[in-house]
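In: Need the 3D shape of this:
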Amino acid sequence: MGSIVDMRAKIKKYYKFTRSELIGFIASILALSFIISFREWGATEFNLLVGLFNWLNAALIVTLVFIVYNAAQRIAGLSAGFNAEYKMWATGLLMGLIVAFASKGRIWVLLPGGLLLHHLAGHRIGHYRYDINYYEQGMISVAGTISLITIAALFKIINVNIHNSLLNKLIVFCVVLAIYDILPIPPLTGSKLFFGGRLTYIFLATTIIIAGILLLLDINVMLAVFGSIAIGIICWFLYYIFFEHKAWAGDWAKK
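Out: Below you'll find the predicted structure:
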């Protein structure tokens, strides 16, 4: 009960957006929504009104996903004694826009940004790793990536009998964004997780990518989730046996 009260107090005090963060947040939403709606500016020829309408729909999808994604990271950060701040990656967004124009919207490159942690010194007292470190950054960041897969799974369950095109688009967007986010490319989540712990990265990256792919297929959601976890465990085990174990053991293990 005390931890819940403490978390409520942290959220009330620290769950605030800076001006630069809000600007980056809005710019990321506009850019990503434009990318995923690029092919919807008219069926046979350019239509401004149709395009703006579809861009608005895409912006609503991206906004909903981004709010949940950012909230998961912020709450995970506060629970560990850090204040998480979203930082837009202008280069990544520009690359996504260039690829969208070059491929006529057929290829989505979603590289919105990363996370910047602020150390809340008074809330880290007693922690084994007191200061900011890669492992904490990775685990806090990946909370957002896991939330993307969770959103995709929940909306796929809802969309089983509805077959709504907007929900389909939301599911695809969550999956694609999660797969890009887990790649070990700075400043994305994958880079922080990889340098924080390779074994953890292998398990989570494999699980998230496989779960995303399975959620796009016409199979049961629970099978997709538990199947991806099982594959993640197998990949973790194989990576440990064939690489990590030998890397830590040293030259004598090769004899």
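In: Then Trp41 would be within a helix, right?
Out: No: the assignment for Trp41 by DSSP: H, G, I helix; E, B strand; the rest coil gives coil, which leaves it out of any helix.
In: Provide a list of residues in contact with it.
Out: For Trp41, the contact set (Cβ atoms under 8 Å, 6 or more residues apart in numbering) comprises Asn47, Leu48, Val50, Gly51, Asn54. Quick note: C-beta positions are derived from backbone N, CA and C, even for glycine.
In: Please identify the helix or strand for the last one.
Out: Applying DSSP states H and E as the criterion places Asn54 in helix 48-79.
In: Ile140 too?
Out: Secondary structure (DSSP H and E) places Ile140 in helix 134-158.
In: elements contacting that helix?
Out: Based on contacts counted as 3 or more Cβ pairs under 8 Å, 6 or more residues apart in numbering; DSSP states H and E, the elements that helix 134-158 packs against are helix 48-79, strand 82-88, strand 113-119, helix 165-181, helix 189-196, helix 198-215, helix 221-239.
In: Okay, angle between the fifth one and helix 134-158 too, please.
Out: In this structure, helix 189-196 runs at an angle of 140 degrees to helix 134-158, with axes from the mean of the first three to the mean of the last three Cα atoms, to 10 degrees as the basis.
In: Could you double-check that His88 lies in contact with Leu22?
Out: No His there; residue 88 is Met. No: in terms of Cβ atoms under 8 Å, Met88 does not count as a neighbour of Leu22; the distance is 10.4 Å.
In: which SS class is Glu45?
Out: When states are read from three-state DSSP, the local structure at Glu45 comes out as coil.
In: quick one, phi psi at it?
Out: Recorded main-chain torsions at Glu45 are phi -140, psi 160, according to degrees, to the nearest 10.
In: Look up how far Val172 lies from it.
Out: For Glu45, the distance to Val172 under the criterion Cβ to Cβ, to the nearest Å works out to 25 Å.
In: between those two, who's got more neighbours?
Out: For Glu45 against Val172, the residue with the higher neighbour count under other Cβ atoms under 10 Å is Val172, and the figures read 17 against 6.
In: Neighbours of the residue nearest to that one when sequence neighbours are not counted, how many?
Out: Taking Cβ to Cβ, 6 or more residues apart in numbering as the measure, Val172 lies nearest to Leu216, with 6.7 Å between them; neighbours along the chain are not counted. The burial count assigned to Leu216 is 16, neighbours taken as other Cβ under 10 Å.
In: so Leu216 touches Cys174, yeah?
Out: No: under the contact definition of Cβ under 8 Å, Leu216 does not touch Cys174, with a separation of 10.2 Å.
In: circling back: residues of the helix holding Ile140 that come out buried?
Out: For helix 134-158, the buried set under the neighbour-count rule, 16 or more other Cβ atoms under 10 Å, comprises 136-153, 155-156.
In: just to revisit the earlier point, tell me which of Met88 and Leu22 has more neighbours.
Out: Shown here are Met88 and Leu22; by other Cβ under 10 Å, Met88 has more neighbours (20 against 11).
In: which residues sit in contact with that one?
Out: Contacts were defined as Cβ under 8 Å, 6+ apart; by that measure Met88 touches Ile23, Gly24, Phe25, Ala27, Ser28, Pro112, Gly113.
In: Closest to the centroid, which residue in this structure?
Out: Thr145 (2.9 Å; Cα atoms, centre = their mean).
In: Contacts only, for that residue.
Out: Taking Cβ under 8 Å, 6+ apart as the contact definition, Thr145 lies against Tyr69, Ala178, Asp181, Ile182, Thr189, Leu204, Ile208.
In: again, but for Ile210
Out: For Ile210, counting by Cβ under 8 Å, 6+ apart, the contacting residues are Gly227, Ser228, Ile231, Gly232.
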